[in-house]
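1. got a sequence here, can you model it:
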Amino acid sequence: MADLSLDGPKIDRAAAERVHYVDPRVRLLASTRWRLATGWSHRSWLGLGKNNPDALIQEARDWLRAAVAAGLLPPPGRADIVTVPAADLRHAVEVFTEAADTCTNPDCASPICRALARLKAALNGDNLRG
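-> Here you go, the predicted structure:
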């Protein structure tokens, strides 16, 4: 039963204020809303890049804040941990590797090439440390 008062159900403003654009639920809500409206795929949404409908992202953040304030959804976790859907991460790595594919040396030990190799390995399910 909701905690009712003359002002309506109690809301948790502090928890709602912790919801920011980096919360992966915001982009998931925005992209799902867009996909429902357009019938297009998630990959099409990702292909929009920075040309995605910013209004949908702001609206999704506001609705997510309302759901958190009402207690329908939990507030975001620790601020230093951000979870990213695997499809989004895979797409980001693909785009990044295509754009950064300037090194033709397969044995390159540069920090960027090492980081890319670790990202690709992680996406393939390999657990590399170091």
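2. how near is the residue sitting nearest the centre point of the chain to residue 124?
-> Centroid-nearest residue in the chain, with C-alpha atoms, centre = their mean: residue 24, separated by 3.1 Å. Residue 24 is 22 Å from residue 124, where distance means C-beta to C-beta, to the nearest Å. (Each C-beta comes from the backbone N, C-alpha and C, glycine too.)
3. one more: residue 42?
-> Distance from residue 42 to residue 124, by C-beta to C-beta: 21 Å.
4. for those two, indicate the residue with more neighbours.
-> Taking other C-beta atoms under 10 Å, residue 42 and residue 124 do not tie; residue 42 has more neighbours (16 against 7).
5. pretty sure the more buried one contacts residue 90?
-> No - under the criterion of C-beta atoms under 8 Å, residue 42 makes no contact with residue 90, lying 11.3 Å away.
6. domain map for this structure?
-> Domain assignment for the chain by automatic domain parsing gives 8-83, 85-130.
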